[in-house]
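Participant: Model the following, please.
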Amino acid sequence: MGLSVGIITYNEEKNILKVIKSVEKIADEIIIVDSNSTDNTVDLAKKNGAQVFIENWKGYGPQKNSVIEKCNHDWILLIDADEVVSEKLRKRIFKIINNKPEFEVYKINFTAVCFGKTIKYGGWSNHYRIRLFRRGSGLYNDREVHEKFVTKSLVGKIKEDLYHYTYDDITDYFNKMNRYTSEAANHYKLNNKKKTFLMFYFDSIFKFFKMYIIKLGFLDGYEGYLLAKLASIYVFVKYAKLKERNEK
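Facilitator: I've put the predicted structure just below:
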């Protein structure tokens, strides 16, 4: 059975090569939908065998569905441009799709790499997301951010690692945070969600406590503290932007 690897990109020249290299041994085709990158992402992808389509940004869910529409093989591995398939995962995927798969949809274990370090605690690793599925088994919802794969099929679990290269440094974090919090605030406003100042103030405090204490983020040292602190700021900014939009 063939495998299509799908990726959405925007200014991912620092990541795209290692992502493509991690899947090229098992991919029968690599399909990329790029949202008008201004760096060398598109050229690098084309030179390394990917088919690239340029489309305006529609939100994470719709953009991923556009990738699915362009895939030609029975199985689809749909990953983000900062997700790298480990060697063990590559072998596991090959074995699944070339035998008699027990499931039509699989969620894969995520291991986060933040600020150059593998993060083991704080809720960043050892969680699962749907990335491998048979074509026709589902689609993504239309959320702009934190999209979900909607399926009626039973979902299998793959324990081998998919490495998620989240943030290179603090500047990278804040650049992404600004985009993600705006998209989240827009989604909340469309759904008439409201939060008072006291509510999102305490939400942000609890976010730090949950990541750093409950989920043992302190065991990751400085990076564990930094990520918990930044996540707390993320929550506060997200709801502050929502409050700002609701008051206009």
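Participant: Could I get the full set of strands for the protein?
Facilitator: 3-9, 29-34, 51-54, 75-80, 83-85, 105-114, 117-119, 127-134, 138-140, 149-151, 155-165 (DSSP state E).
Participant: and the fourth one with strand 29-34, angle?
Facilitator: Read that as strand 75-80. Angle, strand 75-80 to strand 29-34, by axes from the mean of the first three to the mean of the last three CA atoms, to 10 degrees: 40 degrees.
Participant: Repeat that for the last one.
Facilitator: Strand 155-165 runs at 60 degrees relative to strand 29-34, counting by the same axes, to 10 degrees.
Participant: Quick one: list the elements packing against strand 155-165.
Facilitator: strand 83-85, helix 87-97, strand 105-114, strand 127-134 (3 or more CB pairs under 8 Å, 6 or more residues apart in numbering; DSSP states H and E). In this view, the C-beta of every residue, glycine as well, is placed from N, C-alpha and C.
Participant: Tell me the buried residues in that strand?
Facilitator: 155-156, 158, 160-165 (16 or more other CB atoms under 10 Å).
Participant: Can you add mean pLDDT and distance to residue 67 and give the strands of the chain back as a markdown table?
Facilitator: Rendered in a markdown table, the data for the strands of the chain read as follows (pLDDT from 0 to 100; distance: least, CB to CB, whole Å):
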| stretch | mean pLDDT | distance to residue 67 |
| --- | --- | --- |
| strand 3-9 | 98 | 4 |
| strand 29-34 | 98 | 5 |
| strand 51-54 | 98 | 8 |
| strand 75-80 | 98 | 6 |
| strand 83-85 | 98 | 14 |
| strand 105-114 | 96 | 16 |
| strand 117-119 | 95 | 27 |
| strand 127-134 | 96 | 12 |
| strand 138-140 | 95 | 9 |
| strand 149-151 | 95 | 12 |
| strand 155-165 | 96 | 17 |
